[in-house]
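Participant: coordinates only, sequence not included:
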């Protein structure tokens with residue numbers, strides 16, 4: 001798992017969300033969350049911004065550039 005995937009999974013679980021629930025809140029397909037978390041694919045910049053805003057964190061945090 002990549003740094004982004006690990007952080008996404010951690011944030012999702014901290015808020016008690018399943019992958020499907022998070023996908024619905026972000027307006028993305030339900031399988032994409034799993035792909036992001038496992039590192040099989042990376043989010044687009046627009047989706048990265050949505051994720052950061054939803055969780056109230058920076059893109060740098062999601063990318064593992066800050067703790």
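Facilitator: It's in. These numbers were taken from a predicted model, which means no experiment stands behind them. Numbering: from 1, shown residues only.

Participant: and the residue most central in space within the chain, what is it in contact with?
Facilitator: Ranked by distance to the mean C-alpha position of the chain (Cα atoms, centre = their mean), the top residue is residue 8 at 3.8 Å. By Cβ atoms under 8 Å, 6 or more residues apart in numbering, the contact list for residue 8 reads 33, 36, 37, 51, 62. All C-beta atoms are positioned from the backbone trio N, CA, C, and that covers glycine.

Participant: can you pull out the helices in the chain?
Facilitator: 3-14, 19-26, 32-38, 45-55, 59-63 (DSSP state H).

Participant: and among these, the most buried is which?
Facilitator: helix 32-38 (a mean of 18; mean count of other Cβ atoms under 10 Å).

Participant: to the chain's geometric centre, what's the distance from it?
Facilitator: 8 Å (Cα atoms, centre = their mean, to the nearest Å).

Participant: tell me the mean pLDDT for it?
Facilitator: Average pLDDT, helix 32-38: 97.

Participant: Quick one: list the elements packing against that helix.
Facilitator: Judged by 3 or more Cβ pairs under 8 Å, 6 or more residues apart in numbering; DSSP states H and E, helix 32-38 is in contact with helix 3-14, helix 19-26.

Participant: List just the one of these that sits closest to residue 41.
Facilitator: Nearest of those to residue 41, taken as Cβ to Cβ: helix 3-14 at 10.0 Å.
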